[in-house]
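K.L.:
got a predicted structure plus its sequence, pasted below:
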Amino acid sequence: MKEKSITSQDFDKKFDKGEDLTKYLDLDQAFRPGLAQRRVKSLRETANALDMQLVYGLVPKDGSLDALIDRKARCGGWNKVAPGVLR
């Protein structure tokens, strides 16, 4: 949770002392522009250097595709997640 504001001088002093400053930061709003593009670009360059092809994929969180299919079949969840895909 973000604390109330702090002056830049106090922030600098705390930073120089090595104090944890995360309580002064709004991390929900933090992002690094273009980071995803750089990662994909560097992965693509690495794949090219190794004479390979970069492939994207999705993996179930529990690691088991069979468990995912069973769970979605029981609750009818496929249409909620990917409508029209299994038709």
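P.N.:
Noted; the coordinates are in hand. What you are looking at is a predicted structure, and each value in this text was computed from that prediction instead of being measured. Numbers count the residues shown, from 1 in each chain.
K.L.:
and residue 40, how far is that from residue 58?
P.N.:
For residue 40, the distance to residue 58 equals 15 Å [CB to CB, to the nearest Å]. Backbone N, C-alpha and C define where each C-beta goes, glycine included.
K.L.:
with residue 46 instead?
P.N.:
21 Å.
K.L.:
the more surrounded of residue 40 and residue 58?
P.N.:
More crowded of residue 40 and residue 58, by other CB atoms under 10 Å: residue 40, with 12 against 4.
K.L.:
that one is in what secondary structure piece?
P.N.:
helix 35-49 (DSSP states H and E).
K.L.:
distance from the chain centre to that helix, please.
P.N.:
Centroid separation for helix 35-49 versus its chain: 16 Å, with CA atoms, centre = their mean, to the nearest Å.
K.L.:
contacts for that helix, please.
P.N.:
Residues external to helix 35-49 that are found in contact with it (CB atoms under 8 Å, 6 or more residues apart in numbering): 53-54.
K.L.:
following element in sequence after that helix, please.
P.N.:
Going down the chain from helix 35-49, the next helix or strand is helix 65-75, by DSSP H and E.
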